[in-house]
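S.K.: A predicted structure for the sequence below; I have some questions about it.
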Amino acid sequence: MITVAAVDGIGEIMPGTDLAALIAPHVQDGDILVVTSKVVSKAEGRVVELDRDEAITIETDREVARRGLTRIVRSRLGLTLAAAGVDASNTPVGTVVLLPLDPDASARRIREALPVNVAVIVSDTAGRAWRHGQTDIAIGAAGLEVAHDYAGSVDGYGNPLEVTLPAVADELAGVGDVVKGKLSGRPVAVVRGLPDLVLPRGEHGSGAATLIRAEDEDMFGYGAREAVMHALLADEHRGFGAPAAADVLVDALVSLGLVTAQEDDLVVTSRDARAISAAYAHGWEVAEESVRTMKFRVRGS
């Protein structure tokens, strides 16, 4: 049987609070803890006196999209979140709570300080690009493998599984949030009944950072408007994924009616400003120019 229960009596967390000591009476070997990142941040002194917008800018690595006051950014942790995970709720007026400096390390410290062998997940709330609402995800983890790779397995019908990779840590973070809630003052949940997921002491697993998709694999590095503007401005190539193959770029330029030839993987087009933006969006750049033509190469090659 699997049970999920929120821990009562945690109380207000201050810098230096020993979270493990507060949690220890409520856990046993084989449990999985889901700890809200906000209390981890408070215990680690990540409450700062800053304007919220200024704090978001400091925590931002790259802005992904902005609509009105809403800023979706890739944070310094590599997470794509609204407001870089900066939180102005349940904290004194004039202060904000920043995410932990290293959530995986935070999870390891809590795990190592507990007298029993458990797994620890540090969770935070994130939206989904194609769905309304938010759910909690794992931003830190220790003591479990954060994903279960079924690639190479075969289903009941004999079909090979190629890209099936359940994000176990995210699933556990979500179920933990169901019982913790947002207004109950219960920032810790205990998932019991899944001891096979808990690694032996001393083995922490790969950590939640390994769930973050690398930028060169990201197909959604910008919002629609922002992608167009970055291609037109050609100011920074991050957020467009890895360079496309030459034939993919050729197809794109053909669709614009611009291609005249292809030589040694260098695309030759009629001279047109649209070609520069299209090539940029595909990870290519101008290699040579003449009055009537341009040749392209993979950016930076």
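M.R.: On my side now, so go ahead.
S.K.: how far away is the most centrally placed residue in the chain from residue 285?
M.R.: What sits nearest the mean C-alpha location of the chain, by CA atoms, centre = their mean, is residue 79, with 3.1 Å. From residue 79 across to residue 285, the span is 29 Å (CB to CB, to the nearest Å). No exception for glycine: its C-beta is placed from N, CA and C like everyone else's.
S.K.: Could you do residue 169 as well?
M.R.: Look at residue 169 and residue 285: by CB to CB, they are 39 Å apart.
S.K.: more neighbours, those two?
M.R.: Taking other CB atoms under 10 Å, residue 169 and residue 285 do not tie; residue 169 has more neighbours (31 against 17).
S.K.: That one belongs to a helix, doesn't it?
M.R.: Yes. Counting by DSSP: H, G, I helix; E, B strand; the rest coil, residue 169 is located in a helix.
S.K.: Tell me if I'm right that it and residue 208 touch.
M.R.: Yes. Assessed by CB atoms under 8 Å, residue 169 is found in contact with residue 208 at 5.7 Å.
S.K.: any residues in contact with both of those two?
M.R.: Listed as contacting both residue 169 and residue 208 by CB atoms under 8 Å, 6 or more residues apart in numbering are 121, 138, 141, 146.
S.K.: hang on, the first one in a strand?
M.R.: This means residue 121. Yes. Residue 121: assigned to a strand according to three-state DSSP.
S.K.: doesn't residue 176 make contact with it?
M.R.: Yes. Judged on CB under 8 Å, residue 121 makes contact with residue 176 at a distance of 7.1 Å.
S.K.: Can you work out which residues contact both of the two?
M.R.: With contacts defined as CB under 8 Å, 6+ apart, the residues shared by residue 121 and residue 176 are residue 34.
S.K.: The two: which has the busier surroundings?
M.R.: Taking residue 121 and residue 176 together and counting by other CB under 10 Å, residue 121 has the greater number of neighbours (31 against 26).
S.K.: confidence score at the more buried one?
M.R.: Looking at residue 121, its pLDDT reads 98.
S.K.: beta partners of it?
M.R.: residue 34, residue 141 (DSSP bridges).
S.K.: OK, contacts around it?
M.R.: With contacts defined as CB under 8 Å, 6+ apart, residue 121 is in contact with 32-35, 107, 138, 140-141, 144, 169, 172-173, 176, 208.
S.K.: neighbours of residue 216, just the number please.
M.R.: 12.
S.K.: Show the model's pLDDT score for it.
M.R.: On the pLDDT scale, residue 216 is placed at 91.
S.K.: now do residue 275
M.R.: 91.
S.K.: and it, which of the three is it?
M.R.: Residue 275 - assigned by three-state DSSP - is helix.
S.K.: Where does residue 65 fall, secondary structure wise?
M.R.: Using DSSP states H and E, residue 65 falls within strand 60-67.
S.K.: I'd like to check what contacts the next helix or strand after that strand. Which residues are they?
M.R.: Using DSSP H and E, the helix or strand that follows strand 60-67 towards the C-terminus is strand 70-75. Contacts to strand 70-75, defined as CB under 8 Å, 6+ apart, come from residues 56, 59-66, 80-85, 99, 127, 215, 221, 223, 239.
S.K.: Excluding covalently adjacent residues, which one is nearest to residue 98?
M.R.: residue 46 (4.5 Å; CB to CB, 6 or more residues apart in numbering).
S.K.: ok so, going back, among the shared contacts of residue 169 and residue 208, who's most crowded?
M.R.: Among the shared contacts of residue 169 and residue 208, the one with the most neighbours (other CB under 10 Å) is residue 141, at 33 neighbours.
S.K.: Was I right to think residue 279 contacts residue 295?
M.R.: No. With contact defined as CB under 8 Å, residue 279 does not count as touching residue 295 (10.2 Å).
S.K.: Identify the contacts common to those two.
M.R.: 267, 286.
S.K.: Those two: which has the busier surroundings?
M.R.: Neighbour comparison, residue 279 and residue 295: the larger count goes to residue 279, with 28 against 17 (by other CB under 10 Å).
S.K.: so is the more buried one in a helix, a strand, or just coil?
M.R.: Assigned by three-state DSSP, the conformation of residue 279 is helix.
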